[in-house]
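> Curious how this folds, go ahead:
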Amino acid sequence: SLSLHRAKSAGEVGSPPEDVKVLGQTLQHRNASKNWHKVARLAGALATDTWSNLVGETAVEAAEEHVYDVQTEAWTVHPVLVRIDPANPIAKGRMRECFRLKKVLEPPRPEPGEAPRERAQRRVDHHADKIYAWHADCSSEVSEFVPHLGRRTLLRVRHRLGLPGLSIHNATIFTVGELAERVQALGARKVEIEFGENCPGLGASELKALRTLIARAIDVTTSWQRPSINYMAKRYMKQEDDTPEVYRGDVVMQEVCKRLALQFNSWSPPPPKMIDMLHVGLVRLTGRPDQPFFGYESFVTGEYRKWNTNGGWRDESNFRHTPHAFSFATFRMTKGALMVVDVQGVGDLYTDPQVHSCSGQGFGEGNLGARGMALFLHSFRYDLNPIVQYMDFEPFLLMPGEQPSASEAEAAKFEAGEAYLKSQTWFRRSRSIGSGDGLDIEDELDAVTWESKPFLGQRAPPASQVNAFPAFLSRCVDSLEVGELPRDLRSSVPDIETSEATVHMALAQLYDERDERILAGTTVDPEATSRFHTWLAALGGCLPAMLACAKDDAATRPSRLQWAHNAAKRGSREASVLALSLIEPGDTMLELFYVQRAIECDDGRTERQRKSDMDTCQHELHARLAAANLALGDRATAVQNLERAAALAMEAGEFRLHERYSEEAAQLGSDDQSSEEDAN
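Here you go, the predicted structure:
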């Protein structure tokens, strides 16, 4: 597309001199832009409509267009006219089938006091006026436009032109719409001859009116035969998916991706190639009994390619950096909240993407959550993508050997891209692109990454509240043994689990499951690699990962205790119980702390359930707390804890323990009473 700047104002006289810049352009450049504009108009005029036969095969239908605004999270509805053939799909996928669609938006209505010139400037489509005017006239009788045509005469012409017979008592005999259909099918000359031969009373004025009506029909038909109004309509084949909510969810997802594409283009430093996501919307055929919904997008010609999927696959037959860089960039730009995958389309004009959200909420059945993110990040070659390196995105940490060796072709492609981004050619071009200040990423994140619509799930926390990439992770990988947590790093572990940590934990689980998608081509030990990613997840604040590190027998005892301590502070009963086995014997104060934490952490289970799970029961913790209090000389508190342990043992069905705790509590109580009597 061409963006032309015009500087001439209403009061301007004459032309500026050659060396005067107008909006950043010299007059010479302005003239060149005008010439290119003429070429573009000519190219558009010469463009052939590959779907021109749709005009003759379908009737015009009234419909509603539903468009979503990602910034305001609001839907707007516009009346449109469409031509569609839902009975004949031109393509079928796994879930949807595609149809040809032509769509014309209703022209803006004149506002009070608005001049025709002002209204013309507001028009989106200059052909829409005549299409809508003709559509309004289609139900009218031909005789309303061509006077002195009798009903018997129109019946005779109707028969001669091959239309079904009607009674003379019908309200309408020959409509303007039927005339247009016959002109389309038989040609204007044939229709005019039949009127002339069967209407001998037609004078010069009536014949002129008929020719004007036929010319309008041809003009409107031509207006429908334009590539610019061609769209691809999509419909779900399964009835349970063919609902307005599912269609709206698809539109919202692609509009979110379009906004992220704009952010990618506006990043500083900018990518070497600009990308875009096709605008999509919905049409509802209001004239049909069931009023079905269809998704739509602009029809684009060219070679259609899929570059990656939501399951971690990437196209290795044609090495391209931009599509995969965009997917990785969305993960970093949203601080791990979202990732756009299933990138496909014509060139760098993408469509039909899928979004993974770290929470796994929203964005349809294709949203695989952190697991889907892990699959992509495992296959993505950060080391061989010069774009993400140039744009200064943090890498996602992997173990050496997790990815297969690069082919010679992929290595050569990387070297060529890296050399270009270091060249003076790119330096000069990047300065003309701009500094990337078109969008404020932080300000836009809330509007882009989280949706409050019911069909997308509950609203998640704003991205600004999600921790960014923990910078100390990279230093840990280079300087620490896997599983370790030195005391000086204990405060660095975030209190809120980062998206980075969630994805590392998902990747560890994939290794635990021996998933073939990540084991293919690797040379690493799955168990060791799972341990590595679990450790990184723990460093990023993942509670299950901290607990796993606390149980890791290969780590040192102090580090295991630190992991258990961090998890206990986050409310893990299991970690608190585990910490009791890791503290030094005789450390009564630490024992008191962890027992108290374990008692306070309610995991929702009863004593009988804990006994069945062979887990430490609450009565055991209260008995241990009584022993710690007794060691500190607090006999009264020890008695209270033993009494509580006795009650909980009864609940668990441990009758002998109930009797034991009761006896110990009674004995301590009587000893205290005897001591008081002796003191008195």
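
> what are the ranges of the strands in this protein?
Applying DSSP state E to the chain gives strands spanning 61-69, 74-84, 91-92, 96-105, 230-236, 276-277, 280-284, 293-298, 304-306, 338-341, 344-346, 349-350, 354-357.

> any idea which of those is most buried?
strand 338-341 (a mean of 30; mean count of other C-beta atoms under 10 Å). Heads up, the C-betas are built off the backbone N, CA and C, glycines and all.

> Could you name the helices and strands sitting against that strand?
helix 244-265, helix 322-333, strand 354-357, helix 369-379 (3 or more C-beta pairs under 8 Å, 6 or more residues apart in numbering; DSSP states H and E).

> In a markdown table: the ones you listed, plus distance to His619 and mean pLDDT.
Shown next, in a markdown table, are these (distance: least, C-beta to C-beta, whole Å; pLDDT from 0 to 100):
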| stretch | distance to His619 | mean pLDDT |
| --- | --- | --- |
| helix 244-265 | 50 | 95 |
| helix 322-333 | 47 | 97 |
| strand 354-357 | 43 | 97 |
| helix 369-379 | 38 | 97 |
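
> OK, contacts around Ala550?
560-561, 563-564, 567, 575, 578-579, 582 (C-beta atoms under 8 Å, 6 or more residues apart in numbering).

> Next one: it from Val503, what distance?
21 Å (C-beta to C-beta, to the nearest Å).

> just to revisit the earlier point, buried ones among the contacts of Ala550?
Among the contacts of Ala550, those buried by neighbour count (16 or more other C-beta atoms under 10 Å) are 560-561, 563-564, 567, 575, 578-579, 582.

> Return the subset of the residues you listed lying in helices.
The helices, defined by DSSP state H, take in 560-561, 563-564, 567, 575, 578-579, 582 from the buried ones among the contacts of Ala550.

> the bottom helix or strand of the chain by mean pLDDT?
helix 441-449 (a mean of 40; mean pLDDT, DSSP states H and E).

> State the pair within the contacts of Ala550 that is farthest apart.
Ala567 and Leu582 (11.8 Å; C-beta to C-beta).

> Any regions of this structure where pLDDT drops low?
1-47, 108-126, 434-470, 671-680 (pLDDT under 70).

> burial of the closest residue to Arg151 other than its chain neighbours, as a residue count?
With C-beta to C-beta, 6 or more residues apart in numbering as the criterion, Arg151 has its nearest non-adjacent residue at 5.2 Å, and that residue is Ile173. Using other C-beta atoms under 10 Å, Ile173 has 23 neighbouring residues.

> isn't Ile173 right up against His159?
No - the criterion here is C-beta atoms under 8 Å, and Ile173 misses it with His159 at 10.8 Å.

> CA atoms of stretch 79-98 as CSV?
Output of stretch 79-98 as CSV, limited to C-alpha atoms (Å, rounded to 0.1, in the frame of the first residue of the first chain):
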residue,chain,number,x,y,z
PRO,A,79,-25.5,-3.6,7.8
VAL,A,80,-23.9,-5.1,4.7
LEU,A,81,-24.9,-6.8,1.4
VAL,A,82,-23.2,-10.1,0.6
ARG,A,83,-23.1,-12.8,-2.1
ILE,A,84,-22.2,-16.2,-0.7
ASP,A,85,-22.6,-19.8,-1.8
PRO,A,86,-22.8,-21.9,1.4
ALA,A,87,-23.7,-25.0,-0.5
ASN,A,88,-20.4,-25.3,-2.4
PRO,A,89,-17.3,-25.1,-0.2
ILE,A,90,-14.0,-24.4,-2.0
ALA,A,91,-11.8,-25.9,0.7
LYS,A,92,-12.1,-28.0,3.8
GLY,A,93,-9.8,-28.3,6.8
ARG,A,94,-9.9,-30.4,10.0
MET,A,95,-12.5,-28.2,11.6
ARG,A,96,-13.8,-25.7,9.1
GLU,A,97,-14.9,-25.3,5.5
CYS,A,98,-14.3,-22.3,3.3
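
> thinking again about what came up before, between the contacts of Ala550, which is closest to Gly362?
Using C-beta to C-beta, the contacts of Ala550 come closest to Gly362 at Ala567, 29.2 Å.

> what about that closest one, distance to Gln618?
19 Å.

> and what of Leu485?
Leu485 is 29 Å from Gln618, by C-beta to C-beta.

> Tell me who's in contact with Asp242.
When contacts are counted by C-beta under 8 Å, 6+ apart, Asp242 is found next to 235-236, 292-293.

> Then Thr637?
Thr637 is in contact with 626, 629, counting by C-beta under 8 Å, 6+ apart.

> For Glu144, which of the helices and strands packed on strand 338-341 is the nearest?
That would be, of those and by C-beta to C-beta, helix 244-265, which comes in at 39.3 Å.

> what comes up buried for that closest one?
Along helix 244-265, these residues count as buried under the neighbour rule (16+ other C-beta under 10 Å): 246-265.

> repeat for stretch 505-518
So for stretch 505-518, counting by 16+ other C-beta under 10 Å, buried means 505-511, 515, 518.

> Mind checking which of those residues are in helices?
505-511, 518.

> circling back: as CSV, the strands of the chain with distance to Leu210 would be great.
Shown next, in CSV, are the strands of the chain (distance: least, C-beta to C-beta, whole Å):
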stretch, distance to Leu210
strand 61-69, 27
strand 74-84, 25
strand 91-92, 42
strand 96-105, 26
strand 230-236, 32
strand 276-277, 47
strand 280-284, 35
strand 293-298, 37
strand 304-306, 46
strand 338-341, 57
strand 344-346, 45
strand 349-350, 46
strand 354-357, 55
